[in-house]
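>>> Got a predicted structure here, sequence first:
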Amino acid sequence: MALDGITPQELRDAVLWHLTYTLGKDPGHASLYDWRMAMSFSLRDRIVEPWFDSTRLTYETGAKRVYYLSLEFLIGKMLNDAATNLGLRDVAERALEGLGPRFDELVADEPDAALGNGGLGRLAACFMESLATLGVPAHGYGIRYEHGLFRQRFEGGRQVETPEDWLKQKHPWEFERPEVAYEIGFKGSVHGDSWSPGESVMATAHDMPIVGWQGKWANTLRLWAAESTNLLDLDRFNAGDYTAAAEPEALARTISRVLYPDDTTYAGKELRLKQEYFMVSAALQDILRRYFVTQTDPRQLHKHVAIQLNDTHPAIAGPELIRLLMKRGLTFEEGAGVAERVLNYTNHTLLPEALERWSTWLMGNVLPQHMDLIERLDDRHRKAHPDRPKHVGIVQNNEVHMGNLAFIMANKVNGVSALHTDLVKETVFADLHALHPGRIVNQTNGVTPRRWLKLANPALATLITDTIGEGWEADLDRLQELEPHIGDNGFATAFGAAKRANKVALSNWIGETTGIATDPDAIFDIQIKRIHEYKRQLMNILQTVALWHRIRQDPDGDWVPRVKIFGGKSAPGYAVAKEIVHLINDVAAVINADPQVKGLLKVVYPPNYNVSMAERLIPAADLSEQISTAGKEASGTGNMKFALNGTPTIGTLDGANVEIRERVGAENFFLFGMTADEVVARRRIPDHARLAIEASQTLRDVLQIVAEGRFSPDDPDRYHGIVDRMWHHDYFLVASDFDAFDAAQSRVDSAWRDPAGWQRMAALNTARVGYFSSDRTIRGYMADIWDVTPAS
Ligand code: RUG
């Protein structure tokens with residue numbers, strides 16, 4: 001099913017054809033947008049055939065299908081991804097020669113599809129790509145949010161959110177399927193096993209083909225948009241009440257309007273629960289419809305279908321699947337039995353606040369029949385396990401625990417790194433694990449090397465191909481073959497040149513977008529991720545202050561130049577994270593303007609971090625900051641992307657850092673800080689923060705500087721809250737790990753002074769992390785969870 005080749009001339013003709021006949025534009029008057037659309041349609045055309053072939057083959061072979069249900073898919077841009085996987089990037093560049101804009105300009109023009117928050121959504125996108133690469137018949141199901149994750153701006157250093165509008169222009173990668181629509185009910189009343197919803201909306205499908213490496217297989221990402229079940233209220237319209245007439249449509253569309261509506265209010269919570277149910281119900285109705293095209297017995301569903309629930313967000317799938325199966329004639333008990341064999345649940349966090357709980361009142365109000373089914377499921381589980389401790393139930397203290405619901409309904413439950421999976425067994429699900437030994441399995445996360453190396457870092461990708469030949473993109477363990485070459489002068493020079501070229505490009509971009517000049521020969525030290533206390537951006541910026549303070553005390557010292565780069569958004573309602581954002585910006589403003597520092601230290605925080613920015617930053621990084629409080633980061637995937645791109649980590653023994661360090665070798669990883677066990681023990685010490693601060697002259701000085709208002713002269717008290725919390729609370733143990741982090745940063749400086757040694761370390765990172773391909777992760781899910789084999 002490989003693609004036929006296409007010449008630049010043929011692609012050029014296709015682009016001109018779409019420009020003329022699809023867009024109705026004369027090439028002489030076409031805008032950048034027009035060219036981008038024409039190129040996207042031309043490449044999309046190349047995907048359609050393998051897409052159809054994949055579907056046909058799946059029907060022919062009756063292969064088992066995988067369904068990945070996720071409230072987030074952080075896809076980013078699609079044009080370059082499609083061109084890369086089709087092997088047509090060079091062809092696309094040449095096709096445009098002399099016509100109008102360059103291919104990279106088209107790529108830059110595409111808005112990021114930011115339908116996710118961070119690692120969890122990006123993982124879902126990597127998985128979709130790996131599933132297609134491996135030829136696994138799979139569908140992703142999610143929501144077509146009109147507005148993805150908000151745009152971040154800084155005003156006076158503060159984060160300001162504005163709506164994101166990726167759909168303002170037509171999205172060329174989707175096919176609207178108005179004929180694929182399901183009614184989704186809410187509220188109303190229940191009589192026996194029958195539910196009469198009080199409200200309903202329509203879920204209509206929009207399909208994006210996701211093409212795998214070399215265009216051999218394509219799967220569908222089906223995103224649901226909410227629409228009204230009612231047409232315009234014509235009576236009201238004719239009576240002149242235009243607003244009221246349009247109300248049903250507007251209300252219905254609210255459901256797919258924004259990713260993560262603020263859920264601090266009751267209305268916000270209700271909307272979020274409705275979003276979850278909306279996606280799940282549409283997906284399950286669609287899955288069953290497809291199943292019954294070829295099958296008749298719902299009891300055999302597990303032989304043909306495996307469903308993965310990405311986090312607790314789609315956990316309502318348990319009761320919903322039972323409800324749908326009961327409508328097809330199964331008893332509650334039969335339905336529950338089928339659901340348990342089909343559903344699987346991935347846990348991505350131990351943080352209690354991220355394990356969803358809904359009040360029974362809200363659940364009973366929005367989904368009355370599901371509340372009923374949840375209670376029956378809880379009862380059924382208690383009866384099956386009479387020794388079950390009370391706090392293990394699905395319903396506790398008038399709340400529905402979605403984590404427990406997902407666990408109880410799952411065939412397999414998985415954690416996302418070895419350490420995380422152990423902690424899942426020992427902590428959040430310890431009791432359920434005791435009742436269901438063997439249900440929890442580990443699947444360490446991975447990232448797609450096509451996007452995160454081939455596409456993002458052409459310089460390094462070319463060097464790899466030149467050194468070990470083609471084929472590593474779909475067989476990432478082959479990166480090991482680089483190792484014997486690492487000592488060669490030619491390889492070392494080329495590896496260094498690739499990194500430097502990426503750093504020069506990043507430095508130029510930083511200059512253009514922020515006005516800050518950076519030295520490409522400095523250490524590019526990067527921390528990019530959601531802003532969260534447990535990820536400890538605070539520790540990083542405080543250590544930056546320590547370095548600044550030292551440079552000022554000895555301006556003529558032999559300092560290693562550094563550029564500290566931060567990227568990330570704070571949740572809009574997360575006040576402490578927003579303070580940290582503000583502090584980073586305030587510190588940056590002071591340090592970057594300080595003549596005493598002589599440019600030896602720069603702090604850069606480009607706003608609106610997203611997938612595209614990550615693609616730009618990661619290939620240019622020298623140091624990857626993975627410094628979370630041990631036991632808190634489930635896995636991390638940024639850590640894998642950096643290492644793959646030849647960037648050593650400074651990090652704690654947390655999440656997948658542990659496995660990265662094992663693979664790259666302890667000598668190629670800057671380890672510091674407490675272990676997860678030590679963290680637990682440390683927290684038991686009363687006043688641990690005060691003790692740590694009193695023991696560290698450096699940290700005391702830094703906190704003093706911040707408290708004095710040196711970074712906020714206009715508002716000297718601004719950071720009293722941060723400093724006060726450090727002394728008296730410090731749940732994430734910034735103080736206790738600070739000196740160890742500072743010492744590890746000194747080790748980084750020493751290592752940097754030996755350029756050949758540093759480069760060897762960087763190259764070994766690339767050579768030894770083939771394991772972290774999402775292809776390997778997906779193979780693990782296939783074997784241990786889904787029981788599927790590729791169809792192609
Ligand atoms: O925080 C975790 C990351 O450690 C992990 O790598 C990623 C993918 O497994 O998921 C992130 N995550 C967890 N995002 N949201 C949650 C909690 O709902």
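Yes, it's here.

>>> show me where pLDDT drops low in the stretch 501-650 of the chain?
Within the stretch 501-650 of the chain, no range satisfies pLDDT under 70.

>>> just the strands in it please.
523-528, 562-567, 601-604, 623-626, 649-651 (DSSP state E, counting those that start in this stretch).

>>> repeat for the stretch 51-200 of the chain
Using DSSP E, counting those that start in this stretch, strands in the stretch 51-200 of the chain cover 65-69, 73-76, 113-115, 138-143, 151-155, 158-162, 175-186, 189-191, 194-196, 199-211.

>>> which other residues reach the third one?
With contacts defined as Cβ atoms under 8 Å, 6 or more residues apart in numbering, strand 113-115 is touched by 72-78, 121, 142-145, 148-149, 164, 166, 171, 223, 259, 610-611. Just so you know, the C-beta spots here come from the backbone N, C-alpha and C atoms, and that holds for glycine as well.

>>> cutoff 10 Å now
Contact with strand 113-115 is made by 70-78, 121, 124-125, 142-145, 147-151, 164, 166-167, 171, 173-174, 208, 221, 223, 259, 569, 608, 610-612, as judged by Cβ atoms under 10 Å, 6 or more residues apart in numbering.

>>> just to revisit the earlier point, so for Val392, which of the strands of the stretch 501-650 of the chain sits nearest?
strand 623-626 (33.2 Å; Cβ to Cβ).

>>> Could you confirm whether that closest one reaches the ligand?
No - residues of strand 623-626 contacting the ligand under Cβ under 6 Å from any ligand atom: none, with a closest distance of 10.0 Å.

>>> Provide the strand pairings for that strand, with the direction of each partner.
strand 523-528 (parallel), strand 649-651 (parallel) (DSSP bridges).

>>> would you list every one of the helices in the stretch 651-792 of the chain?
Taking DSSP state H, counting those that start in this stretch to define them, one finds helices in the stretch 651-792 of the chain at 657-664, 676-683, 688-695, 697-707, 720-728, 734-752, 755-768, 774-781.

>>> Name the residues of the third one that are buried.
Judged by neighbour count (16 or more other Cβ atoms under 10 Å), helix 688-695 contains these buried residues: 688-689, 692-693.

>>> and the nearest residue to Leu423 once chain neighbours are set aside, what does it touch?
Leaving aside its chain neighbours, Leu423 sits nearest to Leu350 (5.8 Å; criterion: Cβ to Cβ, 6 or more residues apart in numbering). By Cβ under 10 Å, 6+ apart, the contact list for Leu350 reads 415, 420, 423-424, 426-429, 631-634, 676.

>>> how many neighbours does the closest residue to Phe566 other than its chain neighbours have?
Nearest residue to Phe566, sequence neighbours excluded (Cβ to Cβ, 6+ apart): Tyr605, at 4.4 Å. By other Cβ atoms under 10 Å, 23 other residues sit near Tyr605.

>>> mind checking how far Tyr605 is from the ligand?
To the ligand, Tyr605 is 21 Å away according to Cβ to the nearest ligand atom, to the nearest Å.

>>> my guess is that residue meets Asn585, correct?
Yes - using Cβ atoms under 10 Å, Tyr605 is in contact with Asn585, at 5.8 Å.

>>> what residues are shared contacts of these two?
154, 157, 541, 566.

>>> Would you pull up the residue in the stretch 151-300 of the chain closest to the ligand?
Tyr260 (10.8 Å; Cβ to the nearest ligand atom).
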